[in-house]
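**Student:** coords please:
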Amino acid sequence: MMNNENLIIWFLALLSILGYATMLYENKNRAANQNDERWQMITAKANTMTLYSIWFLLLPIALISLVTYTGFTGSLASFNDILKKNSALFMLGVLFVLPFLIAVLRIIFLTKYNREL
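**Tutor:** Just a heads-up that it's a prediction; the model follows:
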């Protein structure tokens, strides 16, 4: 059975591998394109779209957290109870999922714009 420490170690290992793969992919294409204007435009667009995607995904989480923590509505009481009981686990989940999400989205957008442009 996997406890929290082992889960954190596995997430960190997977994050390291994913980050390294992203770096290798970007360095390989930068060298192949000799870091020309086209590749700089691809990375700029990929970075922009990655940031927009992250904001689009995290904004609802932030709004729901704000509404439930301030007690603005009673309709989300069950979600509020879950967050209060597991707030550390929730924040740890967000902090671990966010780097994975950034790395995956960056690879997706780099390959997309590399094909299109």
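
**Student:** which one is the spatially most central residue of the chain nearest to, not counting chain neighbours?
**Tutor:** With distances taken as Cα atoms, centre = their mean, residue 101 lies nearest the centre of the chain, 2.6 Å away. Leaving out its chain neighbours, the residue that sits closest to residue 101 by Cβ to Cβ, 6 or more residues apart in numbering is residue 54, at 6.7 Å. In this view, the C-beta of every residue, glycine as well, is placed from N, C-alpha and C.

**Student:** Over to residue 96?
**Tutor:** Residue 96 sits nearest to residue 11 (Cβ to Cβ, 6+ apart), 4.9 Å away.

**Student:** didn't that neighbour look like it was pressed against residue 99?
**Tutor:** No. Taking contacts as Cβ atoms under 8 Å, residue 11 lies outside contact range of residue 99: 9.1 Å.

**Student:** where do the contact lists of these two overlap?
**Tutor:** Here residue 11 and residue 99 share no contacting residue, scored by Cβ atoms under 8 Å, 6 or more residues apart in numbering.

**Student:** Beyond the lowest-mean-pLDDT helix or strand in the chain, next helix or strand please.
**Tutor:** Using mean pLDDT, DSSP states H and E, helix 77-85 stands out as the lowest-scoring helix or strand of the chain, at a mean of 61. Remark: after helix 77-85, the chain's next helix or strand is helix 87-116, criterion DSSP states H and E.

**Student:** Could you list the buried residues of that next one?
**Tutor:** By 16 or more other Cβ atoms under 10 Å, the buried positions in helix 87-116 come out as 96, 99, 101-103, 105-107, 109-110, 113-114.

**Student:** Now flag whichever of those residues is closest to residue 32.
**Tutor:** Using Cβ to Cβ, residue 114 is the member of the buried residues of helix 87-116 that lies nearest residue 32, at 9.8 Å.

**Student:** Any regions of the chain where pLDDT drops low?
**Tutor:** 1-2, 4, 65, 67-94 (pLDDT under 70).
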